[in-house]
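Colleague: sequence-free structure coming up:
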């Protein structure tokens with residue numbers, strides 16, 4: 001895991017570095033959408049541009065192209081769009097022209113063994129990141145790969161295979177000259193920082209206490225100190241970007257976290273944490289060690305899946321079996337079952353400036369109802385917007401956590417894509433391509449449309465346009 005392999009010949013590698021040093025490539029601007037959920041991972045376009053109010057396949061459509069399938073969200077720098085995809089047997093990074101959707105370049109990613117992933121997942125589900133000079137994509141057990149924005153290969157850091165039959169999902173983040181990568185799996189979880197130009201590992205911290213999680217890390221600048229905030233099993237943790245040292249933590253959250261936190265205009269951190277079975281009303285009580293291992297019929301000291309008693313955990317055997325050797329030990333069961341008891345679904349507002357355990361000192365408020373599983377919360381105009389499976393919209397007053405609005409949208413079904421906003425509008429898209437344009441002030445549904453396809457990727461906003469990935473189709477909408 002983590003061995004560095006140059007993907008191109010020596011002269012191409014150095015030529016690409018010269019290109020970076022010359023500054024001939026574009027740099028990220030205010031109109032760009034450089035990472036998962038855009039600038040600062042906030043999901044908001046602050047540009048003073050009108051955004052489409054009635055996007056649909058037959059109206060306000062600027063262009064439409066067919067792409068390889070994938071769940072990664074589009075990112076944008078200058079006139080280029082970047083996405084990852086699965087094209088037959090190939091894992092690919094794609095670059096499109098923003099104005100037309102024309103394919104500019106396509107690069108294959110090497111792989112040795114394709115990892116398992118959830119039935120709703122993809123081998124291309126992590127969102128790439130760009131700073132206008134390099135673009136970096138993460139492809140699970142294929143690793144982390146970098147190119148110039150013109151498509152010249154730079155470096156590759158091979159990773160995995162990961163012990164996780166749900167696949168890898170967290171996305172990389174660029175902060176200055178550093179690339180941040182978090183991978184939480186059933187074993188060997190870690191956070192690492194790499195040099196963006198060479199792929200050299202700068203530091204790495206073990207996160208073995210954390211089981212599988214999918215939240216993309218967030219950079220939080222507090223009094224000039226850049227921190228990496230990671231939501232994960234039972235604890236939110238902040239690391240110092242320069243050293244990797246733990247700065248603070250907040251405990252009392254859920255056992256698995258998919259959502260990325262968001263920072264408000266007042267530099268308050270908002271974190272939504274949800275996992276099935278961690279609500280008080282549907283909590284599953286694990287079997288005791290004696291109850292479970294009393295079913296060890298062959299007396300070998302471990303539990304095999306066929307021996308597991310009739311209990312809701314039987315369907316989670318692969319999650320309990322951390323090293324995936326098909327034999328569940330007492331130690332594995334104790335570690336994997338504890339979060340089912342201690343986990344708690346909650347939304348928290350955390351003020352900056354703390355060190356150590358700040359659970360009792362820096363949590364301003366909490367909210368425990370109608371919390372999403374996958375879509376990250378959106379902070380927009382002093383409010384926190386969340387959408388839960390079933391199309392349940394919840395809007396909180398960010399200052400206090402007060403519920404301002406709760407209703408079921410016309411577009412029900414499940415939601416994987418996170419909401420995005422701009423120009424006084426909030427855009428939400430469900431898993432079947434049901435799109436809603438919401439008025440950010442009145443919470444009225446201004447427009448709905450059926451885009452007619454599978455949507456897991458979060459839309460992007462740039463230069464007055466809305467970009468939505470729907471199955472193998474990619475749409476650009478604009479006034």
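Modeller: Sure thing, it's come through. Nothing here was measured: the structure is a model prediction, and the numbers come from that model. Residues are numbered from 1 along each chain as shown.
Colleague: my guess is residue 408 contacts residue 394, does it?
Modeller: No - Residue 408 is beyond contact range of residue 394, at 10.6 Å (criterion: Cβ atoms under 8 Å). Glycine gets a C-beta too; all of them are placed from N, C-alpha and C.
Colleague: centre of the chain versus stretch 40-57, how much separation?
Modeller: Here the centre of mass of C-alpha atoms in stretch 40-57, compared against the chain's by Cα atoms, centre = their mean, to the nearest Å, lies 20 Å away.
Colleague: Endpoint to endpoint, it covers what distance?
Modeller: This stretch, stretch 40-57, spans 30 Å end to end (Cα to Cα, to the nearest Å).
Colleague: So for that stretch, mean pLDDT?
Modeller: Mean per-residue pLDDT for stretch 40-57: 96.
Colleague: more neighbours, residue 408 and residue 394?
Modeller: Each of residue 408 and residue 394 has its neighbours counted (other Cβ atoms under 10 Å); residue 394 has more, 21 against 11.
Colleague: what residues are up against the nearest residue to residue 302 once chain neighbours are set aside?
Modeller: Counting by Cβ to Cβ, 6 or more residues apart in numbering, residue 302 lies nearest to residue 327, which is 4.0 Å off, once chain neighbours are set aside. Residue 327 makes contact with 300, 302-304, 321 under the criterion Cβ atoms under 8 Å, 6 or more residues apart in numbering.
Colleague: Closest to residue 94 out of those?
Modeller: Among those, residue 321 lies closest to residue 94 (Cβ to Cβ), at 36.3 Å.
Colleague: ok, that closest one - how many residues close by?
Modeller: Residues near residue 321, counting by other Cβ under 10 Å, number 23.
Colleague: I figured it hits residue 335, correct?
Modeller: No - with contact defined as Cβ under 8 Å, residue 321 does not reach residue 335; the gap is 11.2 Å.
Colleague: how deep is residue 266 tucked in, by neighbour count?
Modeller: 11.
Colleague: Residue 344 now?
Modeller: Applying other Cβ under 10 Å, we find 20 residues neighbouring residue 344.
Colleague: Could you report the separation of the residue lying closest to it once chain neighbours are set aside from residue 354?
Modeller: Closest residue to residue 344 apart from its sequence neighbours, by Cβ to Cβ, 6+ apart: residue 252 at 5.4 Å. Distance, residue 252 to residue 354, by Cβ to Cβ, to the nearest Å: 15 Å.
Colleague: hey, where'd the helices end up in the stretch 151-300 of the chain?
Modeller: 289-293 (DSSP state H, counting those that start in this stretch).
Colleague: so where's it uncertain?
Modeller: Applying pLDDT under 70 to the stretch 151-300 of the chain flags no residue at all.
Colleague: make it 90
Modeller: Applying pLDDT under 90 to the stretch 151-300 of the chain flags the ranges 159-169, 185-187, 211-212, 276-286.
Colleague: where do the strands sit along it?
Modeller: Secondary structure of the stretch 151-300 of the chain by DSSP state E, counting those that start in this stretch: the strands cover 153-157, 173-175, 178-183, 190-195, 201-206, 218-222, 225-232, 235-240, 246-251, 262-263, 269-273.
Colleague: Of those, which stretch is the most buried?
Modeller: Mean neighbour count (mean count of other Cβ atoms under 10 Å) peaks for strand 269-273 among the strands of the stretch 151-300 of the chain, with a mean of 26.
Colleague: Each with direction, which strands does it pair with?
Modeller: With DSSP bridges as the test, strand 269-273 is paired with strand 262-263 (antiparallel), strand 346-350 (antiparallel).
Colleague: Same list (these) but as a markdown table, adding distance to residue 125.
Modeller: Output for those, formatted as a markdown table (distance: least, Cβ to Cβ, whole Å):
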| stretch | distance to residue 125 |
| --- | --- |
| strand 262-263 | 20 |
| strand 346-350 | 24 |
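Colleague: Relative to residue 145, which of those strands is closest?
Modeller: Judged by Cβ to Cβ, the one of these that comes nearest to residue 145 is strand 262-263, at 27.5 Å.
Colleague: Can you give me the end-to-end span of stretch 106-113?
Modeller: End-to-end distance of stretch 106-113 (Cα to Cα): 21 Å.
Colleague: Now it: buried residues?
Modeller: Using 16 or more other Cβ atoms under 10 Å as the test for burial, stretch 106-113 gives 107, 109, 111.
Colleague: sorry, back to before: could you name the stretch from the strands paired with strand 269-273 that's closest to residue 403?
Modeller: strand 346-350 (10.9 Å).
Colleague: what does the average pLDDT come to for whatever helix or strand comes next after that closest one?
Modeller: Proceeding N to C from strand 346-350, the next assigned helix or strand is strand 356-357, under DSSP states H and E. Mean pLDDT, strand 356-357: 98.
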